[in-house]
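1. Have a look at this fold, sequence not included:
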């Protein structure tokens, strides 16, 4: 499966995404059900309030992503323990934009 990952822009200076790439390559944790996946894009939400996540998700789908994955910094607050306060709205807007044929995974590790 080909996936596009959206991460929190505010945590990208603290986290290079190494674990996201590792679990995708291994097919572990959030990818245990799908097996190893190919990452076709790794973009930030664009910063608070995350409005750019919607167009970025759509762009990745147009370029072959079969699923949009939200990195764990968004929902779970890794690595700083502070989840995105806009996560529910961002996820809902992305789901609406990409449609039901695109799978949504709301965490990575």
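-> Now that the structure is in, tell me what you want to look at. Owing to the predicted nature of the structure, the values given are computational and were not obtained by experimental measurement.
2. hey, let's count contacts and neighbours off CA atoms from now on
-> Fine.
3. give me phi/psi at the most centrally placed residue in the chain?
-> With the centre of the chain defined as its mean C-alpha position, the nearest residue by CA atoms, centre = their mean is residue 70, 2.3 Å away. The phi/psi pair for residue 70 (degrees, to the nearest 10) reads phi -90, psi 120.
4. bridging residues for it?
-> Beta bridges link residue 70 to residue 6 when assigned by DSSP bridges.
5. right, and it touches residue 9 too?
-> No. Assessed by CA atoms under 8 Å, residue 70 is found out of contact with residue 9, at 12.0 Å.
6. residue ranges with poor pLDDT in this structure?
-> Counting by pLDDT under 70, the chain shows no low-confidence range.
7. can you give me the strands for it?
-> 2-7, 38-44, 67-70, 103-105 (DSSP state E).
8. Please name the strands paired to the longest one in the sheet, noting orientation.
-> This means strand 38-44. Per DSSP bridges, strand 38-44 is paired in its sheet with strand 2-7 (parallel).
9. what's the answer for the shortest one, then?
-> Sheet neighbours of strand 103-105, with direction, are listed as strand 67-70 (parallel) (DSSP bridges).
10. from the chain's centre, how far out does the partner strand sit?
-> Chain-centre distance of strand 67-70: 4 Å, with CA atoms, centre = their mean, to the nearest Å.
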